[in-house]
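> need a 3D model of the following:
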Amino acid sequence: SSLRLWAAQAPCAMDVESQRIFCAEQINVPPELPKILKQYTKALIRENPTEGAADAGNAKLAIYEWSAEYFRQKLAESGNHG
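Take a look at the predicted model:
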């Protein structure tokens, strides 16, 4: 459609059917996010929750479960529960 063509040519294109954003300036990244992700990544590597996983599916599940517990613990430590 002509609207899709216009959106594709705009400096910050947006898929009008799914409302996805394609322009970095439209995404608000909290300034503390890089530090949070760095700490999380280091802890994930250090703890290695995938050790002993039988296959990729089990490895993913182990990472998801470990991650959920990691962030629950961080939330409890922060004293901010919502």
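
> spatially central residue for this structure, please.
Closest to where the C-alpha atoms of the chain average out (C-alpha atoms, centre = their mean) is Leu37, at 8.8 Å.

> please tell me the pLDDT value assigned to that residue.
Leu37 carries a pLDDT score of 97 in this model.

> quick one: secondary structure of it?
Here Leu37 is recorded as helix under DSSP: H, G, I helix; E, B strand; the rest coil.

> now do the longest helix along the chain: everything it contacts.
Scanning the chain for the longest helix, with DSSP state H as the assignment, gives helix 56-78. Residues outside helix 56-78 that contact it (C-beta atoms under 8 Å, 6 or more residues apart in numbering): 40, 43-44, 47, 49-50, 53, 81. Every residue, glycine included, has its C-beta placed from N, CA and C.

> apply 6 Å and report the result again.
49-50, 53 (C-beta atoms under 6 Å, 6 or more residues apart in numbering).
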